[in-house]
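Colleague: whatever this is, show me its structure:
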Amino acid sequence: MSGLFDLEGRLAVVTGARRGIGRAMAEALAAAGADIIGVSARMHTDDEVAESVRGLGRTFEARAVDFADRDAVTALGTELAGRAPDILINNAGTIERAPAAEHPLSWWDRVIEVDLSSQFVLTQLVAASMLERGSGKIVFTASLLSFQGGINVPGYTAAKSGIAGLTRALANEWAGRGVNVNAIAPGYIATDNTTALRADPDRSRSILERIPAGRWGHSADLAGAAVFLSSAASDYVSGTVLAVDGGWLGR
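Modeller: Numbers count the residues shown, from 1 in each chain. Below is the predicted model of the structure:
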């Protein structure tokens, strides 16, 4: 049974890998046997995630790319297509908080570009080699706001709702060609993106009261789902958005 989750000899690209959820996913895939290409806006070869992956006996390559820069993302995708990775984890993202009536259009444009458009650009390029050989795993990071509206984050909600739809659209086209496309929807995880929520006593309390698990999630809580959707264990799983949310959506 353990062989179902074995990633030995696989090459995985993890975007947003420098910290938080992306780092946890990169480390989990490395622990399962995969070599890692880590991508982030400020990624360096000596970041903690790089040291952690190498400490697990796997290789780590760093790529510094701003996902708001379409040309840079296209160049990255072209390079990675030539490397023919087995796994693509689309985790890079950003968030901006302001009421919809006051939300700057520049914020909207940047969030949509980083959280949705760049994801498609990169996936389209990287998937070419997967489709050619008839195998590959693509995993997007969705959100609880792929299902709900959220508050004060209209761009983020629109982008993450788009990610859920994009996951299903690509799965419909590519499942029959050997490429599994799925997404993970993290719940309320203690990362930089939720600092403002955790610092607000009223919001934090209301959130915790709804989570059956009774706690904020940790980045490591996403590790198992990432390995599952990147491994042979999920070969007949396609087009799903897997919530890892402590039971939030079940309430």
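Colleague: ranges for the helices of the stretch 51-200 of the chain?
Modeller: 70-83, 105-112, 118-133, 154-174, 195-199 (DSSP state H, counting those that start in this stretch).
Colleague: which among the ones you listed is found nearest to Glu27?
Modeller: Comparing these by their distance to Glu27 (C-beta to C-beta), the top pick is helix 70-83, with 20.1 Å. (C-beta placed from N, C-alpha, C; glycine too.)
Colleague: now for the closest one, which elements pack on it?
Modeller: Under the contact criterion of 3 or more C-beta pairs under 8 Å, 6 or more residues apart in numbering; DSSP states H and E, helix 70-83 touches strand 35-40, helix 118-133.
Colleague: now the angle from the last one to helix 105-112?
Modeller: Orientation note: helix 118-133 sits at an angle of 20 degrees relative to helix 105-112 (axes from the mean of the first three to the mean of the last three C-alpha atoms, to 10 degrees).
Colleague: name the residues that touch helix 118-133?
Modeller: The list of residues contacting helix 118-133 from outside it, by C-beta atoms under 8 Å, 6 or more residues apart in numbering, reads 13, 15, 67-68, 70, 73-74, 76-78, 80-82, 84-86, 88, 90, 92, 136, 138, 140, 163, 166, 170, 174, 177-179.
Colleague: if any of those residues are buried, put those into a PyMOL selection.
Modeller: Command for PyMOL that selects the buried part of the contacts of helix 118-133, burial taken from 16 or more other C-beta atoms under 10 Å:
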select buried, resi 13+15+67+68+73+76+77+80+81+85+86+88+90+92+136+138+140+163+166+170+174+179
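Colleague: list the contacts for the residue lying closest to Asp115 once chain neighbours are set aside?
Modeller: Once flanking residues are discounted, Asp115 sits nearest to Ala159: 3.6 Å by C-beta to C-beta, 6 or more residues apart in numbering. By C-beta under 8 Å, 6+ apart, the contact list for Ala159 reads Gly93, Val111, Ile112, Val114, Asp115, Leu116.
Colleague: pLDDT below threshold where in the stretch 1-150 of the chain?
Modeller: Applying pLDDT under 70 to the stretch 1-150 of the chain picks out residues 1-2.
Colleague: quick check, central residue of the protein?
Modeller: The chain has Asn91 as the residue nearest its centroid, 2.4 Å off, counting by C-alpha atoms, centre = their mean.
Colleague: surely that one touches Gly22?
Modeller: Yes - counting by C-beta atoms under 8 Å, a contact exists between Asn91 and Gly22, whose distance comes to 4.3 Å.
Colleague: overlap in contacts of those two?
Modeller: Contact criterion C-beta under 8 Å, 6+ apart; residues bridging Asn91 and Gly22 by contacting each: Val14, Thr15, Gly16, Thr141.
Colleague: list just the nearest of these to Val227.
Modeller: Val227 lies nearest to Val14 out of the shared contacts of Asn91 and Gly22, by C-beta to C-beta, at 12.1 Å.
Colleague: SS state for that closest one?
Modeller: Assigned by DSSP: H, G, I helix; E, B strand; the rest coil, the conformation of Val14 is strand.
Colleague: quick one: Thr167 from Asn91, how far?
Modeller: Counting by C-beta to C-beta, to the nearest Å, the gap between Thr167 and Asn91 amounts to 13 Å.
Colleague: overlap in contacts, these two.
Modeller: Phe140.
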